[in-house]
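**Student:** sequence isn't available, so here's the structure alone:
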């Protein structure tokens, strides 16, 4: 009898030199037929940088703060993930076909793999960047629970892979820098995760202005409350708990980890600037800082990795 092939933990597949989750790499060719609309809005981030958070904020803005409308489907249905593909789940393009305009779209793709139609149509982009140290800690735990990734290996080896750009979506350093450069010639609102944590209301006002929406102050306050980490962590429409266990195993690590219970070796309070300190050793931190200085030399971007 023929054995059923295990679809979990496939090796990364390289496309134009960029390592990607195998299934996502397979989705890129069909994505070439995607046609952007001028009234589309694109959310772009490197993974684990606040994508779901800003997606929920924008859906709430588009729905005028109506909570019931925002419960109509999980966030990955309300905000189609362009390059998404996984066994037994509709692809991002499948979801997109049933999405009425104006559409909010999401991607983690670097510019080399981004569908050109999004740039040609001058689609507005909300980009969220997060400091590299907190990203790599969060990404390690995400690799552990999301089985579309290869096995993460040890924390030490994963940290080296991240620094070398040998994780899915490639180099964080290149990603944040090239989208920053694009913001000088394309309509990009470049936000920082740390700023959103510090003052979400201020950043939501920036988003409102950028997308050309205005809402009463009480609705903005409702958005701040509804999109708090505590609310989103327990909301099945935002916490990815509807994804099959063989794709995302929440028993290994919650998709949204803040406040989740972990063995003592794992940080109890992720989602905050500076969480990396509970994971990095002194030697790892010094090594990372030296490498970071080289890779970010000459870049005007400045990140906060402290609370």
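**Tutor:** On my side now, so go ahead. It should be emphasised that the depicted structure is a prediction, and the values quoted were computed from it without experimental measurement.
**Student:** and the helix or strand of the chain with the lowest mean pLDDT, what does it pack onto?
**Tutor:** Least confident element among the helices and strands of the chain, by mean pLDDT, DSSP states H and E: helix 229-234 (a mean of 78). Where contact means 3 or more C-beta pairs under 8 Å, 6 or more residues apart in numbering; DSSP states H and E, helix 229-234 is packed against helix 51-62. C-beta coordinates here come from the backbone N, C-alpha and C atoms, glycine included.
**Student:** can you name the next helix or strand after the helix it packs on?
**Tutor:** Sequence order places helix 67-70 as the next helix or strand after helix 51-62, per DSSP states H and E.
**Student:** returning to what we had before: following element in sequence after the least confident helix or strand of the chain, please.
**Tutor:** Following helix 229-234 toward the C-terminus (DSSP H and E): helix 282-295.
**Student:** same question for that next one: list its buried residues.
**Tutor:** 284, 288, 292 (16 or more other C-beta atoms under 10 Å).
**Student:** how about stretch 68-78?
**Tutor:** Within stretch 68-78, the residues scored as buried using 16+ other C-beta under 10 Å are 70, 74-76, 78.
**Student:** can you pull out the strands in the stretch 51-200 of the chain?
**Tutor:** Ranges of strands within the stretch 51-200 of the chain are 104-107, 124-129, 188-192, based on DSSP state E, counting those that start in this stretch.
**Student:** now the ones you listed as TSV including mean pLDDT?
**Tutor:** Listed next are these as TSV, based on pLDDT from 0 to 100:
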stretch	mean pLDDT
strand 104-107	98
strand 124-129	98
strand 188-192	98
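**Student:** what secondary structure does residue 209 sit in?
**Tutor:** Here residue 209 is helix, with the state taken from DSSP: H, G, I helix; E, B strand; the rest coil.
**Student:** sorry, slip of the keys, the one I care about is residue 38.
**Tutor:** Assignment for residue 38 (three-state DSSP): coil.
**Student:** ok, the one 4 residues further on next?
**Tutor:** Counting by three-state DSSP, the backbone at residue 42 sits in strand.
**Student:** can you tell me which residues contact it?
**Tutor:** Shown in contact with residue 42 (C-beta atoms under 8 Å, 6 or more residues apart in numbering): 105-107, 118, 123-126.
**Student:** also residue 106?
**Tutor:** Neighbouring residues of residue 106 by C-beta under 8 Å, 6+ apart: 42-44, 51, 55, 79-82.
**Student:** and the buried residues of stretch 68-78, which of them are in helices?
**Tutor:** Counting by DSSP state H, the buried residues of stretch 68-78 place 70, 75-76, 78 in helices.
**Student:** possible to save the residues you listed as TSV with distance to residue 299?
**Tutor:** As requested, these are exported to TSV (distance: C-beta to C-beta, whole Å):
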residue	distance to residue 299
70	36
75	31
76	31
78	34
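**Student:** so where's the chain uncertain?
**Tutor:** Within the chain, the ranges that satisfy pLDDT under 70 run 1-7, 238-273, 307.
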